[in-house]
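Sequence and predicted structure are below.
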Amino acid sequence: MDIGDTSATRFTHPDIQARSFAALVLARVLGRVSAVPRVVAEETADRWYGAFAAWFPAEVDTRGWDDTLGWLHAVAHGADAAAAFASVLPWRGSTLLDLCARRMTAKAAPHRYVQLEDARLARAITTILFVPSLSVDEATGWLDTVAHAFADAEPGPVPPWAFNTFGTLQSLHMHLARGLAGRGMPPHAEAVATRVVAVLRGPFPWLS
């Protein structure tokens, strides 16, 4: 699809709204691809994935809203695209989870999530966890990336990336406890939730 190719090229566009909305458009295209098998070759979808994967964890302009430009939402739109890729390229499931982990822990991003980006990212992770081929190690392994991000943590003010990570993990725990409407609980939900709590005991040592 030409629109998918065009969207993939815009991940390197100089304007944030072009990069962010490329992800949203691509998510919609992938939804169509998932609904109509073989409408796009797997090689094409994987090429789109390569462009997306290079952009999503590296984007530094993670503002949800700008008073002049309006909605930007790179994290939320990217999360939607990550979830959509899981349905079209299920064999990318574990790498998509790691992309989400690298997105939330990106230390170069200076903005806190204040426009429900954490919930959109948690929904994407939960959706990816429905990939049937994921083993329990793959379903939980992305949390090694999160744990590693905190390996050199020191006392002091909570930096934006840590705030974003804690918020996303808290939202994810709720998603894993409640499930998704119409889909229920993903496989390995309990194992993932256990690992999530292990990370959250860092800032919240009073958790049981």
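All right, it came through fine.

mind listing the strands for this protein?
Using DSSP state E, the strands of the chain run over 65-66, 70-71.

for the first one, packing partners?
Right, the one you point to is strand 65-66. Packed against strand 65-66, as judged by 3 or more C-beta pairs under 8 Å, 6 or more residues apart in numbering; DSSP states H and E, are no other helices or strands. Quick note: C-beta positions are derived from backbone N, CA and C, even for glycine.

Over to P205: give its phi and psi.
Dihedral pair for P205: phi -70, psi -10, per degrees, to the nearest 10.

List the residues that contact R123.
Contacts for R123 (C-beta atoms under 8 Å, 6 or more residues apart in numbering) come out as 79, 83, 175, 180.

one step back: for A139, which of the strands of the chain is the nearest?
strand 70-71 (31.5 Å; C-beta to C-beta).

From the chain's centroid, how far away is the closest one?
Relative to the chain's own centre, strand 70-71 is displaced by 20 Å; criterion: C-alpha atoms, centre = their mean, to the nearest Å.

ok, now stretch 153-162?
With C-alpha atoms, centre = their mean, you get 21 Å for stretch 153-162.

and what of stretch 58-70?
Taking mean C-alpha positions (C-alpha atoms, centre = their mean), stretch 58-70 and its chain are 17 Å apart.

is it possible to export the strands of the chain to JSON lines including mean neighbour count and distance to L121?
Formatted as JSON lines, those follow (neighbours: other C-beta atoms under 10 Å; distance: least, C-beta to C-beta, whole Å):
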{"stretch": "strand 65-66", "mean neighbour count": "12", "distance to L121": "17"}
{"stretch": "strand 70-71", "mean neighbour count": "12", "distance to L121": "16"}
